[in-house]
Structures are given as C-alpha cells and as structure tokens.
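Visitor: 3D model of this:
(2 chains)
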Number of protein chains: 2
Amino acid sequence: MKKIILPNREEWSRLVERPKIEKNELDTIVKNIINEVKTRKDQALIAYSKQFDNVELNSLQVTKTEIEEAKLLVSDELKNAIFIAQNNIEKFHQNQQLDEAVVETTIGVKCWRKAVPIEKVGLYIPSGSAPLFSSILMLAIPAKIAGCKEIILCTPPNQQGKVHPAILYTANLVGATKIFKVGGAQAIAAMAYGTESIPQMYKIFGPGNQYVTKAKELVQQNGVAIDMPAGPSEVLIIADETCNPEFVAADLLSQAEHGSDSQVILLSDNTTVIDKSIKALNEQVELLPRAETAKKAIQNSCAIQLKNLNACMEFSNLYAPEHLILASDNSNKLINAVINAGSVFIGNYSCESAGDYASGTNHTLPTNAYARNYSGVSLSSFQKNITFQKITAEGIQSIGPAIEIMAEEEGLFAHKNAVSLRLKSLKK
Amino acid sequence: MKKIILPNREEWSRLVERPKIEKNELDTIVKNIINEVKTRKDQALIAYSKQFDNVELNSLQVTKTEIEEAKLLVSDELKNAIFIAQNNIEKFHQNQQLDEAVVETTIGVKCWRKAVPIEKVGLYIPSGSAPLFSSILMLAIPAKIAGCKEIILCTPPNQQGKVHPAILYTANLVGATKIFKVGGAQAIAAMAYGTESIPQMYKIFGPGNQYVTKAKELVQQNGVAIDMPAGPSEVLIIADETCNPEFVAADLLSQAEHGSDSQVILLSDNTTVIDKSIKALNEQVELLPRAETAKKAIQNSCAIQLKNLNACMEFSNLYAPEHLILASDNSNKLINAVINAGSVFIGNYSCESAGDYASGTNHTLPTNAYARNYSGVSLSSFQKNITFQKITAEGIQSIGPAIEIMAEEEGLFAHKNAVSLRLKSLKK
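Guide: Down below sits the predicted model:
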C-alpha cells in the first residue's frame, strides 16, 4: 500500500482519480449478445448457457420443487442470520415511504405527489465465486415494500444446471415472483426485451461483471431504466488517533477482497495511525482465502496523511467514495461535513460489512465517484412519483391570467387558449 | 384526427406504441461535436456558434450589464406573471424536503438518510422559435431549494449575440450563478467536460432538440447524470359526458402545437363527446399561429372510444402518458387507478397549461412511455440521499454473528473478519 505524506492540494485531483477502465472493446461483444437474445429469445439464452456456463438447460425457470429442495439445503443457522438481516432491512426501507401533504399553492389550486410502484422489476444476482444472496435482500425487500407486481430474478446456474440453495431460499423468502437460470449480459437482454420464458421488465437492478454492466448501460438507451451506473467497489476510511488500527486494516481488506480492481483509501492526520494500519493490513491479508485478490487491489490503493481531519473530509468529498468509514471516537463532528458519499459508517464499531449485510441500510451504492450525482438504491428506486393537480373555477381564475401572459411570451397560443376558454366560460 | 371505435384488446398494444424515431444517424454527428468540445473547448464553442447560430462571439458568459439591460426590457405584466408562477413552484417543491426519522433497526444500530445537494448542476434552456423561460423556473427553483452551489445555464444566442430578455430576467431572478451563450449539443458537451469558460457540472437538466437529447444520452455514459431520457411531448385525455368538449379540444391542441412529432390521444366511453371534441378541435386549430405544426401532430393522433371509463384508465396505464387529463366532474374515482403517468390534471378546470406554467407542479416530465419507470423532475432530482449508520458495541454484538455467517456463506472472509475482530475485542 503506497504511503503518501502531506500531498499538495494540486496533487489531490490526480489522487482522487479512479484507475481507468477500457470499456470500448466490450461494446461489440455485448451488442451482439443483446441482438441475439432479441431475435432468437429463449434459443439464444440456452445456447449462451451452453457456451458460457457449460450447461445444457431444458427449461429456464426454476421450479417449485427446486425451491423446496433448496429450503432443505440451507442450514438453520444461515436461515436465522438471513431473518435478522431481512428484519433490519425491512425496518429501514419501510421508513422511506413518501408521505407528503397536499399543497394548496393558491386558493383553488391543490397539488400533490404520490409514489406508485414500478410494475415490473428485474433483479440480476451473480453467482460465480460467491452466491450473492445478500443482494437479493437489498433489492427484493424494497421492491416488495414498494408494491411492485412482478419481481423476477435472473442468476446463472452451475454446471449441473442448479442454482445455489441460499439464492433460491432467499429469493423465495422475500417474494421474487419468478426465478430464471440465466446469467451474464444475456440475462439483462432477456429482462429488457422479453423472451418466451422471461417477461419484459421496466427497470433492471443488480451487480455484475463488466459484461452485465455494459448490457445494462446499453439497454438503458432503449428506455429500460437501471438502478445506477456501476464501477469497481471502494472504501475510504478517515482514521484519527482514537481509531483501532486492527479494525481499520480489517475494513480496508473487506473491501479489497471484492476484486483486484477494488480501491481502498486510508486518510489520517496521524503518521502512527497510518503505519500501524498498514502493518496490521500486511499481517491480516496473509490469512485470507482471497489474499491474492486483496493484494492486487491494495496495489491500486494508498494511505495518505493530510494536515488535519477537515482536510481529510475535503479530500473525501472530492473522491466521493461508495463507502466512507469515520474510524474515530469523535466522528460526530465530521458527519455534517459529508457532501459526497454513498453510505457512511460512523465510529469504531460501524464496520462496512455491517452495512453490506445486516444493519438495515442498502448495500447497492454509487461507485466510481458517482456519489457526487447519484444516490444508492432505496425504496424510491422501485417507485415513480406521479404529480396530481386539481384546480377549481376559483383556482383557474387566480392563476389563469399569469398563464396567459407567460404562454403568449413563449409563443404558445394554444396553451393560452386552453386557459382563455375556461376564463371566458366563467364570466358568463 | 383518426377515430377508432371500440378496438379489440389485442389492438391496444399497437395503439399505445409511439411513432418510431430514428436516432442512429445522429450518433456520429453528435459524437464529433462532443469530441471537438472536449479537445478545443471554448474555441470549438465559438466555432459552432458561428456555424449553427450564425453569430460571432467574443466571450461566452453573459455579463452583469446584459442582465441589467434585460430587466428593463421585460414588461411589468410578465414580471408579475413570473412572480406568481415562481411562488407556486417554490411552495410545491419546498414541501418535498426529505424528513425521515432515524431508525434504530436493532438496539445500538441507528440508520438514517440525509438529502444532500448535488454541488454543480447545469441547465440547458432552448431558445429557438420560443424562449422557454418557464423551464428555468422549473429547474432552477428546485435546484436553489436543494442548495446546489453552482447552477449554471446555457442557452443559444440570437444572431446579434444576445439572449432573450425573459430568459436572462428569469435566470437572474431564481439565482442562476452563471449564464452562457451556447446552444445545442455543444452546450451539453461543455457542461459535461468543462471548457476554459464553462465549468464542469455533475448533472445536466433541460429540454432540447434531438441533438441536445442525443448529447445528454452520450455524456450520461461517461458518468454525468441527466434528468431523464426525452422524447416528443404528449397528452392523453380521458373525457366523459360531464366534460366540456371545447376545453378538451383546446387541451389537445395545446399539446399538439409543441411540435409536429407531439402525440395527443383522446379516450372516451361516449361517441358524442368524441365527435364534439373533434369538431371543436378542427375549428380551433385554424385560429392558431402554429396551426401547421398542430395539424401535423394531429395526424399522428387518435380519438378512441372504449367501453367504459375503467377501460380508458387501463389503456392510459398501458400508454403511460406524460400528461394525463381527467376531463370529468367525476374524476375523483379514477385517481386511485392511475399507475403510469407523469402528471395528472383532475377535472374540467385543470388544464395542462396550468401545470406547464404556474400551478406549482414541475413540467419536466417523462415522455415516450418512460412514465412507467421514471418520475418527473422534483426537488430530489437535485439531491442525492446519503445513508448513515452508527453502531455501538452493543449493536455489533447483536447483529455481528449474523454478519459473520452470511459473509462466510458468500465466501467473503475479510468481511467476516472485520466483525470477528470487533466481537473479540469486546469479549476481553
């Protein structure tokens, strides 16, 4: 892990830059996959499963029997852990219901908003090296609270044509309406355009590799909404002398193990904190099953000493991290200074993995500096807000003349006329 | 206007389809413009102004003197109308502040969200045949309420290098921080990547022609957020025997005058209503300055008789109109059945132009069936929600074991270790 001591303000803009990802070469490959799925539908999906997942499927949808089997294969211990996480995630997202009063902007002009579920949502859940059943909780629970009618899930099968039991158990638990054995860019295409088996969805959510990400980006240009643009996962930790360097190291590593392209940043006003954290990190990494991945991620990463905690926060806001950990007993002061971040973990006991699994907050968050302009997934990601207005005769008499003048100035005489006719009818 | 009587349910999916827009040929043109602006910055902008707007500019930013001049050129009548609109739009959007309680999901695990302004937002305001100062109100007012630090505005100058006074007056009134004389795709590129004069923005809003729309779509793929995808404007009216056919016709026309690609749809359970509305429309259209445009739009449009109002609402939800007018004295019953719509106008006095200008609701709305999966612009479009969590020793002891089990099942041992180290330290 590179150590950088008191860099100049001019160097900051280079330091907050993410490693560049070359995306162009993917374009053609993923466009072809999408076109194949649009044209040949289920046939294309079955062919890609053979090609990419090395499995021959007769049918794509997971059956009730398979779900029942999965229930038996998940330990009670894991079921109980999932139950705890589910409960907390439900509580946090239930609190996000829109509850806005009707506003009477002028007497006789009532305006309001109503949150209405997006009817059809598709969730993509990867399952390569790890079955990410936690992402099912993070996506299906708010979808269910929102009231989405169809919540379908696509996930790649293994070479035996089976889906990991923890995925099936969780998807069924939280109310996914249909589950399909399809992975990769082809799954995104299927949910975006529909096939014989897989219904067309209005919005697509979920993590994935660069093919999945590219496919989401491409279908978005054709009217399908997506949760957010995606990049490699990242954490930034601001630690002061009241931190525990062992915890800091563990939190840096829990991000680094995600992928060799993950980025972790440690900021501190204190050299000793940095040295101790790097030492602890070097010791802890050796004990990890995914040590090789974590070590590669750490090569892209750095620990930076800045002159004080305000400077650390300023740097963090420029970097706009997906996860921001304030590893300090005095972090309350810093909270109000957070401008750009996905999710913030306050104090020495708020580890990132708590938010990844069970504290209740959502773990689908903006990466790659998107925290400057995007929010993480929340209840509202599964809803759209419709505005309503009800104007009485008195109301249109109040605001009508202003509308007539503005419409005329914009050269829109039919707009004006719609008001004039109503005002005239009221003069009779 | 085509009249369609009681179409079969199978015909609906064809009837709700929008006219196809061919976008591919734009790709190369707009990509070139974007690359030019990225490379040659202000020089490119000045060259494009000469090429497209037929004007030679020495500097791009509108000066204080120009703003002062504009104030003198706007009539008191228009200033007063803008004041009324501003007031109502402010009231409606101020009501949208996020006010969520902190949730203690488990004892010692506190989670909450905070809405934080997007720091830098760019607004694009077209000014060709009409100076759309109303769109400035709709975008800059919520940006200001959100607390965005930089709110810049780009709008094309006329051949004398001047911006329409109503645009300058309104932009200054609502607190735009800088105004630039740049139009088209080049303005979007400038705000997305920055030039010597124009600062780089994090999110770009505003209407525009197909070049502007394409440019927004392209910069979105590079991390710049945009308000929403755009298509031609549209209205769907559901009218019953209690409607006023003169009003219905006027509302259809106020949409049709927007552009020859606009679409207007009339649904009714009553043949007489349809016939009277079409008759009134044919009479009214002749009196409009933009009659030619409106007539072309009407060619793409139709009046459809369905068996009852429930069927009308079902059709409307399938169509997902940008604007939905419930032209009836009995429209209260229908309100709860609205699933897909941008903004809804209830009753015979709620004309669309009220919402376009002055009722208080936002007129930046999802077109092209995007109302199925996108909301219109609101206060939250100018904010991102950051999640926070604060976990105590007691809190991590409660949820820690569940996190350990889930992380292990997902094969993420560093995630587990971040919790295990904390639990161990608490056992001492």
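Visitor: worst-scoring helix or strand of chain A, pLDDT-wise?
Guide: The least trusted helix or strand in chain A, going by mean pLDDT, DSSP states H and E, turns out to be helix A:332-335, with a mean of 89.
Visitor: List the buried residues for it?
Guide: A:Leu334 (16 or more other CB atoms under 10 Å in any protein chain shown). C-beta coordinates here come from the backbone N, C-alpha and C atoms, glycine included.
Visitor: do the same with stretch A:142-153
Guide: With the criterion 16+ other CB under 10 Å, stretch A:142-153 contains buried residues A:142-146, A:148, A:150-153.
Visitor: How far off centre is that stretch?
Guide: Put simply, stretch A:142-153 sits 16 Å off its chain's centre (CA atoms, centre = their mean, to the nearest Å).
Visitor: Provide the secondary structure category for A:Asn385.
Guide: At A:Asn385 the chain is in strand, as set by DSSP: H, G, I helix; E, B strand; the rest coil.
Visitor: What pLDDT does the model give it?
Guide: A:Asn385 carries a pLDDT value of 97.
Visitor: one step back: and which of the buried residues of stretch A:142-153 is nearest chain B?
Guide: Using CB to the nearest CB, A:Cys148 comes nearest to chain B of the buried residues of stretch A:142-153, at 10.9 Å.
Visitor: and the residue nearest to A:Asp53 when sequence neighbours are not counted, what does it touch?
Guide: With CB to CB, 6 or more residues apart in numbering or on different chains as the criterion, A:Asp53 has its nearest non-adjacent residue at 5.4 Å, and that residue is A:Pro156. With contacts defined as CB atoms under 8 Å, 6 or more residues apart in numbering or on different chains, A:Pro156 is in contact with A:49, A:52-53, A:126-128, A:181-184, A:187.
Visitor: Generate a markdown table for the residues you listed, with secondary structure and neighbour count as supplementary columns.
Guide: Conversion of those to a markdown table gives the following (DSSP: H, G, I helix; E, B strand; the rest coil; neighbours: other CB atoms under 10 Å in any protein chain shown):
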| residue | secondary structure | neighbour count |
| --- | --- | --- |
| A:Ser49 | helix | 22 |
| A:Phe52 | helix | 15 |
| A:Asp53 | helix | 20 |
| A:Pro126 | coil | 21 |
| A:Ser127 | strand | 19 |
| A:Gly128 | coil | 12 |
| A:Lys181 | strand | 25 |
| A:Val182 | coil | 30 |
| A:Gly183 | coil | 26 |
| A:Gly184 | helix | 24 |
| A:Ala187 | helix | 32 |
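Visitor: Just give me the least confident of those.
Guide: Lowest pLDDT among the contacts of A:Pro156: A:Gly128, 72.
Visitor: and A:Ile5, what are its phi and psi?
Guide: The phi/psi pair for A:Ile5 (degrees, to the nearest 10) reads phi -100, psi 120.
Visitor: Kindly state the beta-bridge partners for it.
Guide: Beta-bridge pairing for A:Ile5 (DSSP bridges): A:Gln305.
Visitor: Report how many residues lie close to it.
Guide: By other CB atoms under 10 Å in any protein chain shown, 10 other residues sit near A:Ile5.
Visitor: Surely it is in contact with A:Lys307?
Guide: No. The criterion here is CB atoms under 8 Å, and A:Ile5 misses it with A:Lys307 at 10.5 Å.
Visitor: Enumerate the positions of the longest helix anywhere in chain A that are buried.
Guide: Identified as the longest helix of chain A according to DSSP state H is helix A:76-94. Across helix A:76-94, burial judged by 16+ other CB under 10 Å covers A:78, A:81-82, A:84-93.
Visitor: need these in JSON lines with distance to A:Gln389 and pLDDT, can you?
Guide: Shown next, in JSON lines, are the buried residues of helix A:76-94 (distance: CB to CB, whole Å; pLDDT from 0 to 100):
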{"residue": "A:Leu78", "distance to A:Gln389": "50", "pLDDT": "98"}
{"residue": "A:Ala81", "distance to A:Gln389": "47", "pLDDT": "98"}
{"residue": "A:Ile82", "distance to A:Gln389": "44", "pLDDT": "98"}
{"residue": "A:Ile84", "distance to A:Gln389": "44", "pLDDT": "98"}
{"residue": "A:Ala85", "distance to A:Gln389": "41", "pLDDT": "98"}
{"residue": "A:Gln86", "distance to A:Gln389": "39", "pLDDT": "98"}
{"residue": "A:Asn87", "distance to A:Gln389": "39", "pLDDT": "98"}
{"residue": "A:Asn88", "distance to A:Gln389": "38", "pLDDT": "98"}
{"residue": "A:Ile89", "distance to A:Gln389": "35", "pLDDT": "98"}
{"residue": "A:Glu90", "distance to A:Gln389": "33", "pLDDT": "98"}
{"residue": "A:Lys91", "distance to A:Gln389": "34", "pLDDT": "98"}
{"residue": "A:Phe92", "distance to A:Gln389": "32", "pLDDT": "98"}
{"residue": "A:His93", "distance to A:Gln389": "29", "pLDDT": "98"}
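Visitor: Assign a three-state SS to A:Gln96, would you?
Guide: Of the three states, A:Gln96 takes coil under three-state DSSP.
Visitor: scratch that, A:Ile204
Guide: Of the three states, A:Ile204 takes strand under three-state DSSP.
Visitor: That one and A:Ile226 touch, don't they?
Guide: Yes. Using CB under 8 Å, A:Ile204 is in contact with A:Ile226, at 5.3 Å.
Visitor: anything in contact with each of these two?
Guide: By the contact definition CB under 8 Å, 6+ apart, A:Ile204 and A:Ile226 are jointly contacted by A:216, A:219.
Visitor: who's more crowded, these two?
Guide: More crowded of A:Ile204 and A:Ile226, by other CB under 10 Å: A:Ile204, with 27 against 21.
Visitor: Give me the phi and psi angles of the residue nearest to the more buried one when sequence neighbours are not counted.
Guide: Spatial nearest neighbour of A:Ile204, excluding adjacent residues (CB to CB, 6+ apart): A:Gly122 at 4.7 Å. Phi and psi for A:Gly122, reported as degrees, to the nearest 10, are phi -110, psi 130.
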